[in-house]
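1. with the sequence up front, the predicted model follows.
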Amino acid sequence: MYDFLTENALYVVLLIVLVIWFGIYTYLYKLEGKLKHLEELSKKQGDPS
Amino acid sequence: MEDPRKMKSFLVSTKAVFLKDWRSELRTRYALSALVMFVLTTIAIIVFAFGGESPSQEVLAGVLWVIIFFSGMSGLARTFVAEEERGTSLTLQLLSTPTAVLFGKLAFNVVLIIIVNTLAVLLFLFFFSTFRVSSVGLFVTTLALGSIGLASASTIIAAIIARANTKGSLFPVLSLPLLLPLLMTVIHATSLSSEGAFFSEGLDDFRILVSYIGAVTGVSYILFDYVWKD
Amino acid sequence: MSGKIKNRRLKQVLGLWTTAVIILALGLPMVAHPSHWGELPLIPGLEQRARIIFFHVPTAWLSVIAFLTSMWFGIRYLRKKSPDDDIKSVTHAGLGLLFCILATVTGSIWAKFNWGSFWNWDPRETSIFVLLLIYGAYFALRSAIDVEEKRATLSAVYSIIAGVIAPFFIFILPRITAGLHPGSADDVNSGPVVSSGGMNASMRVIFYSSVAAFIGMYLWMSNLRIRATRLVQAQELESRKQ
């Protein structure tokens, strides 16, 4: 196990970076959706007045 | 300002702003006494901190400018902050043009910092016997240009922070990034002068200092309207 | 409607693009004499550590670009006095601070392993330090002023003054003084790594793809932040009316 990890350290790093990247991406993507929802809400709010 | 009459009125009102600050300073001696005491206490602390050691010329050159920087930080904001505290900035806005106010205050700060710096250097020479100034011309020019640069950058920053809530602590925070190129250059030139370099060796540093002063003063002149007017 | 779908597609493309960049940048093998595409040069003394260039350099570039963008919107604010320009200015400054911190942290961790200590006061380190100080001062100034208009004006003025002085650190100082970074005055390999022979074609392609990915992320993040701030301000305006 230890040998495997030291020999393939680069791929372990790659895996960790990918996990972090997917985390960031999902967060931003969700944020985008929420923001769109809020924008539409405030547009509806603004229209009748 | 092509019109000579306009130029003359600008000079007159700049002088008026300068004299106003100068007279009120002479009456209260607020900034001067605070600065002189600041320089004295800092030098005393440094003397005790070194505890009989004799540090190298480069370290001493750095220490000298640390003293000058912080004494400037404690006194140069005064001109604008005082206007704000006394509630006289509106009157000054009505009575004078922004440019005259900027250059009047700048002149006052230059005079103030040159007086303080001269004193600081004299005290420094008195307390640190190892600190030599081998090439006097180089040293005096460095000190003069450094003082003007310090005053020019801190005048516009003082005008900005006079409008903020936490005036005292904000001033060094805003000034340091702007003053770093100046400090790096003057420290280099000062250690050159204590090594006994020729005047011509400092020319590169002087060129940087002069362009620094020109750039900062020019930008202040353009932007001061936005800072000063409500 | 099609605009919205296109927008979503654009973000998916950005996601895939960045994933590909990460996999290529970290996964491609490094060999001593790269002969065909897909092999990165193994630079003696750097070895696997050379891969930092794909991540560290774009963040450092972006922190400077963000600063200039923030300054640009500051100038626009001073001319037109539109609050939207101030929102943009502060957003770009915030992202610039984020990328500046990322560049500093990645760089100093890397320096520990390559140069032996976290911080060496190399000229480029000095310049990023000054950039951090400027960003910090900018936000300290903003937090100290309550009146919105005054805050926008004064912070714009400060960013312009800093913008006049910062080039000295960012562009002049690192190149005229000796230092550890590539492109310093005592660097015999000439010029910054990016434009010189240190990189081969595959490395250069990945590097610029990475820069593109970072810029895409930057644009997306700033767009999100600007829209969110606009919503908050509209909300505040609404509550003040009632």
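-> Thanks, I have it.
2. how near is the residue lying closest to B:Trp228 once chain neighbours are set aside to chain C?
-> For B:Trp228, ignoring the flanking residues on the chain, the nearest one in space by CB to CB, 6 or more residues apart in numbering or on different chains is B:Pro98 at 4.6 Å. Where you see a C-beta, it was placed from the backbone N, CA and C, and this is true even at glycine. Remark: distance between B:Pro98 and chain C (CB to the nearest CB, to the nearest Å) = 13 Å.
3. list the residues that contact B:Pro98.
-> Applying CB atoms under 8 Å, 6 or more residues apart in numbering or on different chains, we find B:Pro98 in contact with B:224-225, B:228-229.
4. ok, now C:Glu39?
-> Contacts of C:Glu39 by CB under 8 Å, 6+ apart are C:28-31, C:202.
5. if we use 6 Å, what do you get?
-> C:Val31 (CB atoms under 6 Å, 6 or more residues apart in numbering or on different chains).
6. got a PyMOL select line for the buried ones in the contacts of B:Pro98?
-> Applying 16 or more other CB atoms under 10 Å in any protein chain shown to the contacts of B:Pro98, the buried members can be selected in PyMOL as follows:
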select buried, chain B and resi 224+228
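7. show me which helix runs longest in chain A.
-> Ordering each helix of chain A by length in residues (DSSP state H) puts helix A:9-46 first.
8. give me the distance between that one and the centre of its chain.
-> Relative to the centre of its chain, helix A:9-46 is centred 3 Å away, using CA atoms, centre = their mean, to the nearest Å.
9. what's the answer for stretch B:117-133, then?
-> Computed by CA atoms, centre = their mean, the separation of stretch B:117-133 from the middle of its chain amounts to 18 Å.
10. try stretch C:142-158
-> Its chain's C-alpha centre and that of stretch C:142-158 lie 24 Å apart, by CA atoms, centre = their mean.
11. now swap in stretch C:33-46 and tell me
-> On CA atoms, centre = their mean, the centre of stretch C:33-46 falls 27 Å from that of its chain.
12. first vs last residue of that stretch, how far apart are they?
-> Using CA to CA, to the nearest Å, the end-to-end distance of stretch C:33-46 comes to 15 Å.
13. now, among the contacts of B:Pro98, which is nearest to chain A?
-> Of all the contacts of B:Pro98, B:Lys229 has the smallest distance to chain A: 33.8 Å, by CB to the nearest CB.
14. can you pull the residues of chain A lying near chain C?
-> Counting by CB under 6 Å from any CB of the partner chain, the positions of chain A adjacent to chain C are A:14, A:17, A:21, A:25, A:31, A:35, A:38.
15. got it, and chain B?
-> B:160, B:163-166, B:170, B:173-174, B:177-178, B:180-181, B:215, B:219, B:223, B:226-227.
16. what about those residues, which are in strands?
-> Within the residues of chain B next to chain C, no residue falls in strands by DSSP state E.
17. tabulate the CA atom coordinates of the helix or strand where B:Ile45 lies in CSV.
-> Using DSSP states H and E, the element containing B:Ile45 is helix B:30-50. C-alpha atoms of helix B:30-50 as CSV (Å, rounded to 0.1, in the frame of the first residue of the first chain):
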residue,chain,number,x,y,z
TYR,B,30,0.7,70.4,18.1
ALA,B,31,2.3,68.5,15.2
LEU,B,32,5.9,69.6,15.8
SER,B,33,6.0,68.8,19.5
ALA,B,34,4.3,65.4,18.9
LEU,B,35,6.7,64.6,16.1
VAL,B,36,9.8,65.7,18.0
MET,B,37,8.8,63.6,21.1
PHE,B,38,8.1,60.7,18.8
VAL,B,39,11.5,60.8,17.2
LEU,B,40,13.2,61.2,20.6
THR,B,41,11.4,58.2,22.2
THR,B,42,11.9,56.0,19.2
ILE,B,43,15.6,56.7,19.1
ALA,B,44,15.8,56.0,22.8
ILE,B,45,14.0,52.7,22.4
ILE,B,46,16.4,51.7,19.6
VAL,B,47,19.4,52.7,21.6
PHE,B,48,18.3,50.4,24.4
ALA,B,49,17.3,47.6,22.0
PHE,B,50,20.7,47.5,20.5
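18. before we move on, the earlier item: what subset of the residues of chain B next to chain C is buried?
-> Buried subset of the residues of chain B next to chain C (neighbour count, 16+ other CB under 10 Å): B:160, B:163-164, B:170, B:173-174, B:177-178, B:180-181, B:215, B:219, B:223, B:226-227.
19. spatially central residue in chain B, please.
-> By CA atoms, centre = their mean, chain B has its centre lying nearest to B:Ala151, at 3.0 Å.
20. tell me which residues touch C:Phe118, please.
-> Contacts of C:Phe118 (CB under 6 Å, 6+ apart): C:108, C:112.
21. that one: what secondary structure?
-> Here C:Phe118 is coil, with the state taken from DSSP: H, G, I helix; E, B strand; the rest coil.
22. related to what we said a few turns ago, which ones among the residues of chain B next to chain C are found in helices?
-> Among the residues of chain B next to chain C, the members found in helices (DSSP H) are B:160, B:170, B:173-174, B:177-178, B:180-181, B:215, B:219, B:223, B:226-227.
23. possible to save the residues you listed as TSV with pLDDT and distance to B:Val136?
-> Formatted as TSV, these follow (pLDDT from 0 to 100; distance: CB to CB, whole Å):
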residue	pLDDT	distance to B:Val136
B:Ile160	92	37
B:Leu170	88	37
B:Val173	90	35
B:Leu174	91	34
B:Pro177	90	32
B:Leu178	91	29
B:Leu180	89	27
B:Pro181	87	25
B:Ala215	92	28
B:Val219	94	33
B:Leu223	93	37
B:Tyr226	91	42
B:Val227	90	39
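24. from those residues, pick the one nearest chain A.
-> The shortest approach to chain A among these belongs to B:Pro177, at 29.9 Å (CB to the nearest CB).
25. nearest residue to the closest one in space, please, no chain neighbours.
-> C:Leu133 (4.1 Å).
26. what's the burial count for that neighbour?
-> Using other CB atoms under 10 Å in any protein chain shown, C:Leu133 has 18 neighbouring residues.
27. chain center to stretch B:89-106, what's the gap?
-> Relative to the centre of its chain, stretch B:89-106 is centred 19 Å away, using CA atoms, centre = their mean.
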